[in-house]
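Q: pasting a predicted model and its sequence here:
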Amino acid sequence: MSNNSDFSGSVVRGFRRVFTERQFYLRSHGQVQFMALSAWTQAVLALGAVFFLGWVGFTSVNVVFQDQIIAAKDRKFIRMQSAYEQRIAEMQSSYDEVSTEMVLAQSRFLSQTSDLEAKHGLLADLLNHSREVRSQLDDMRKKVAGLPGTNKRKADGETRIMLRPAPVEGAFRESRVQVSPPHLNMNSSSGQGGAYTDLAQAADGLRHEEKVAFMDHRLENLDLVQQHLVNRIEEETDLEIKEIESIIRMTGFDPDAMAEDMTLEAVAEGGPFINFADTVLPDGETSEGFDRQIFRVATNLDRISVLNQALRQLPLAKPIYGIETTSNFGARVDPFNRKLAFHSGIDFAGPYGTKVHAPMAGKVVYAGWRGAYGRFVEVDHGNGIKTRYAHLASIKVKVGDVVEFRETLGKVGSSGRSTGPHLHYEVWVDGKVQNPAKFLKAGQYVLEEG
């Protein structure tokens, strides 16, 4: 407290010593006048003088050094403007780089998705072709399904099992369930960028690098799924060809010869030969492995279609279902004289009046009584194949009738040389009697599911 008082007193004493009261005397025309200036008036005048002198000095410096000051300000402004423009240029460069990357990425993705959609289209056509090929025997299977003594099949389209009941020589293993890949139908109205748009929408909210990585990953997955699907289809069609060929061989026929006959009967085609391996696509690129694989699968499906047509030319169905055979083809003891004899067919013993059906389509070439055969029907199925039905109680067809698969030919009886009601069934190929059992066994793999 005493220190503050001393300091205040020193300030007051110093102020009074500098600004003592002063009197100014003025003499004019014999008269004397005086003017007194108090300490505070002197202090105010001194302060005004200081401000005035400071202003004079500042303005004088500005006048003298005006050009240098302006030049310094210009240099500073130029430096700031240059730094700003450089920053703008860096930002524009970064934007252009990102924009270029996005354009290139979008162009790449559009190209990839266009390829994927083209592959989807090929796969969709391939699967439609596959369904058409495998539907060729469906009408026969439907008519056989559910008959007495047959295994009930699953709903149409669920399976296409071929070699199921037992292994067949020449077949590696059982075929599997038909491939049903999800979401192969492409909407043509979506355009080539449809898949890209879907991926882009899925990648919303991600950074640029994350979007690119995400979309690359999705496209790679789609391509792998397509390739895996084609691999499976090719593997299955290869196996199915082997299975059908094995079934045809079971009947004693040559599948290659039958396929050649079926091909010759096909719709006329033509044009110059152009090797697919040397094919150049419209855009100038050579066909890639995927296209070659699609071509191989399509070729396999055409082969399966021809082989299925060949199967339709064989009497694979039983004339009677739900009845066991009582006498097989080949050597047997004659039921009348008990001597060793050759049996030219197989016998189905069943109730009197059981309906007898045609195992395949054909034309009736004999219908009537024929010695030991009794009431007898013979059907010509083409390709040198004929089937015979003996000991009938009644005949429901006449010579010249064209019969369809599973159409009734007559009823089981015991006419002719017979010990009781049964059907004697024969198969002839090119004028030679064959064992019907090999056709019926083959038919189990085609018409029934084990």
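A: Happy to help now that I have it. Residues are numbered from 1 along each chain as shown.
Q: please enumerate the strands of this protein.
A: 22-28, 31-37, 325-327, 330-333, 340-343, 346-349, 355-357, 362-369, 375-382, 385-395, 402-403, 408-412, 422-429, 432-434 (DSSP state E).
Q: could you dump the ones you listed into JSON lines with mean neighbour count and mean pLDDT added?
A: Bear in mind the C-beta positions are built from the backbone N, C-alpha and C, glycine included. Listed next are the strands of the chain as JSON lines, based on neighbours: other C-beta atoms under 10 Å; pLDDT from 0 to 100:
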{"stretch": "strand 22-28", "mean neighbour count": "9", "mean pLDDT": "75"}
{"stretch": "strand 31-37", "mean neighbour count": "9", "mean pLDDT": "75"}
{"stretch": "strand 325-327", "mean neighbour count": "16", "mean pLDDT": "88"}
{"stretch": "strand 330-333", "mean neighbour count": "11", "mean pLDDT": "90"}
{"stretch": "strand 340-343", "mean neighbour count": "12", "mean pLDDT": "92"}
{"stretch": "strand 346-349", "mean neighbour count": "22", "mean pLDDT": "94"}
{"stretch": "strand 355-357", "mean neighbour count": "20", "mean pLDDT": "94"}
{"stretch": "strand 362-369", "mean neighbour count": "16", "mean pLDDT": "96"}
{"stretch": "strand 375-382", "mean neighbour count": "21", "mean pLDDT": "95"}
{"stretch": "strand 385-395", "mean neighbour count": "22", "mean pLDDT": "96"}
{"stretch": "strand 402-403", "mean neighbour count": "16", "mean pLDDT": "96"}
{"stretch": "strand 408-412", "mean neighbour count": "21", "mean pLDDT": "95"}
{"stretch": "strand 422-429", "mean neighbour count": "23", "mean pLDDT": "95"}
{"stretch": "strand 432-434", "mean neighbour count": "15", "mean pLDDT": "94"}
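Q: can you lay out these as TSV showing distance to Leu122?
A: Formatted as TSV, the strands of the chain follow (distance: least, C-beta to C-beta, whole Å):
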stretch	distance to Leu122
strand 22-28	115
strand 31-37	113
strand 325-327	48
strand 330-333	51
strand 340-343	54
strand 346-349	48
strand 355-357	42
strand 362-369	39
strand 375-382	36
strand 385-395	38
strand 402-403	40
strand 408-412	46
strand 422-429	41
strand 432-434	43
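Q: for Asn128, find the nearest of the ones you listed.
A: strand 375-382 (29.7 Å; C-beta to C-beta).
Q: in its sheet, what does the closest one sit against?
A: strand 362-369 (antiparallel), strand 385-395 (antiparallel) (DSSP bridges).
Q: any chance of those strands in CSV, plus distance to Arg22?
A: Below are those laid out as CSV (distance: least, C-beta to C-beta, whole Å):
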stretch, distance to Arg22
strand 362-369, 153
strand 385-395, 153
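Q: so how far is Leu447 from Tyr321?
A: Distance from Tyr321 to Leu447, counting by C-beta to C-beta, to the nearest Å: 10 Å.
Q: the more surrounded of those two?
A: Leu447 (24 against 17; other C-beta atoms under 10 Å).
Q: contacting residues around the more buried one?
A: By C-beta atoms under 8 Å, 6 or more residues apart in numbering, Leu447 lies in contact with 137, 140-141, 144, 150, 316-317.
Q: point out where the stretch 151-300 of the chain drops to low pLDDT.
A: Residues of the stretch 151-300 of the chain that meet the criterion pLDDT under 70 lie in 151-212, 214-215, 264-288.
Q: go again with 90.
A: For the stretch 151-300 of the chain, applying pLDDT under 90 flags the ranges 151-240, 243-244, 247, 250-300.
Q: wait, doesn't Met140 sit right on Pro315?
A: No. If you go by C-beta atoms under 8 Å, Met140 and Pro315 don't touch, sitting 11.2 Å apart.
Q: many thanks, I have nothing further to ask.
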